[in-house]
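1. fold the following, please.
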Amino acid sequence: MIETHSASVRKACKLLGTFPSVFKYNHKKKGDELVQSQLENLASCNTSWGFWKMYNRIRNLGLVVNHKKVYRIYTQMKLNMRRKYKKRLPARIKQGLAQPLHHNYTWSMDFMHDGLDNGKSFRSFNVIDDFNREILNITIDTSLTSERIVRELEKLVDWRGYPEIIRVDNGPEFIAQALEKWCSGKVILQFIQKGKPQQNGYVERFNRTFREDVLDKFTFESLKEVRIYTQAWMWMYNNERPHVEDPALSGDSLMNLTPTAFLLKYGKLHHPHKAQAEFPTTCPDLSGSPVALCACPVNQSSVSTTVRM
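-> Have a look, this model is predicted:
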């Protein structure tokens, strides 16, 4: 129109209803290439960096740019999407849970935690024989160090002899030098793989029974009450409680027998008369006289019978 009718820009814009600045506007390049290249370099070298760390690094390099512009380019490059990192774990060979063919071949050990009625916490150190799931020891105390574990194992060895294998998890008490030194040349200390508690399934399943029948069922006011009731329950578990056969666990049950009955029927005993004897520890009753564990029934009066809800 300007060239045809020889009209001025101002007059032509007035007729078209636009502004004269439209003819004088020149598109300004955004200059995103420099910022984009910096973000690409930072993202490739530092995969864990977020937006603000990258922005501050760009500013520290001397590039003066607004954070809004950087974030716009950051989102256009889809760097704000959550990154999926590939977990690089070492190749681990799956280890099954093998059942021993005779008693005193494999022991399993583990710890449990609970608390008294006054809020004071305590721990239990549990040891079972994998062959017949017999409880060999439950030690109750507020602190159980590796040296204490060695002393408890020495008591068990005086009664049962050394096992071939002791299976444990990777707890600090089990990886300590005291236990490693005690097992050196006598017992194979077998650690399960990290994050695989099913490899120590026998004692883990026992822990569930111990928690349901004792720790979660009653509230205790002192460690003495816990020890008395636990030792009485140990005798009941080994001599009266049958292990119900689970169809899903073929060949991995005690065929509805108690641990003691299973040991007498299927265990190869060097001294059969010892199967009738319990671990030679005694627990004092409320009257103060020592009572043998095998003759100590479950005394409901010796423990608070408040059921935990």
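2. now do the SS call for Tyr162.
-> Here Tyr162 is coil, with the state taken from DSSP: H, G, I helix; E, B strand; the rest coil.
3. sketch out the low-pLDDT regions of the stretch 151-300 of the chain for me.
-> 245-252, 268-300 (pLDDT under 70).
4. now the helices for it?
-> Ranges of helices in the stretch 151-300 of the chain, per DSSP state H, counting those that start in this stretch, are 177-183, 201-210, 223-239, 259-266.
5. wait, which of these is closest to Glu134?
-> Nearest to Glu134 among these is helix 259-266; the distance by C-beta to C-beta comes to 3.9 Å. Every residue, glycine included, has its C-beta placed from N, CA and C.
6. for the closest one, packing partners?
-> Counting contacts by 3 or more C-beta pairs under 8 Å, 6 or more residues apart in numbering; DSSP states H and E, helix 259-266 packs against strand 134-141, helix 223-239.
7. TSV please, covering the ones you listed and showing mean neighbour count and distance to Val168.
-> Below are the helices and strands packed on helix 259-266 laid out as TSV (neighbours: other C-beta atoms under 10 Å; distance: least, C-beta to C-beta, whole Å):
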stretch	mean neighbour count	distance to Val168
strand 134-141	21	14
helix 223-239	20	20
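8. now Pro172: how far from Thr145?
-> Going from Pro172 to Thr145 by C-beta to C-beta, to the nearest Å gives 10 Å.
9. show me which of these two is the more surrounded one.
-> When neighbours are counted by other C-beta atoms under 10 Å, Pro172 and Thr145 differ, and Thr145 comes out ahead with 13 against 8.
10. who's in contact with that one?
-> By C-beta atoms under 8 Å, 6 or more residues apart in numbering, Thr145 lies in contact with Glu173.
11. ok, 6 Å please
-> Contacts for Thr145 (C-beta atoms under 6 Å, 6 or more residues apart in numbering) come out as none.
12. between the helices and strands packed on helix 259-266, which one is closest to Gly185.
-> Gly185 sits nearest to strand 134-141 of all the helices and strands packed on helix 259-266, at 21.7 Å, using C-beta to C-beta.
13. which parts of the stretch 1-150 of the chain are helices?
-> So, for the stretch 1-150 of the chain - with DSSP H, counting those that start in this stretch - the helices run 2-5, 9-16, 21-24, 32-45, 51-60, 67-76, 146-160.
14. for Ala178, find the nearest of those.
-> helix 146-160 (4.1 Å).
15. how far off strand 134-141 does the closest one point, in degrees?
-> Using axes from the mean of the first three to the mean of the last three C-alpha atoms, to 10 degrees, the direction of helix 146-160 lies 150 degrees away from that of strand 134-141.
16. tell me the domain boundaries of this protein?
-> Listed domain ranges for the chain are 1-25, 31-81, 106-302 (source: automatic domain parsing).
17. between those, which gets nearest to Pro100?
-> Of the domains of the chain, the one closest to Pro100 (C-beta to C-beta) turns out to be domain 106-302, at 4.5 Å.
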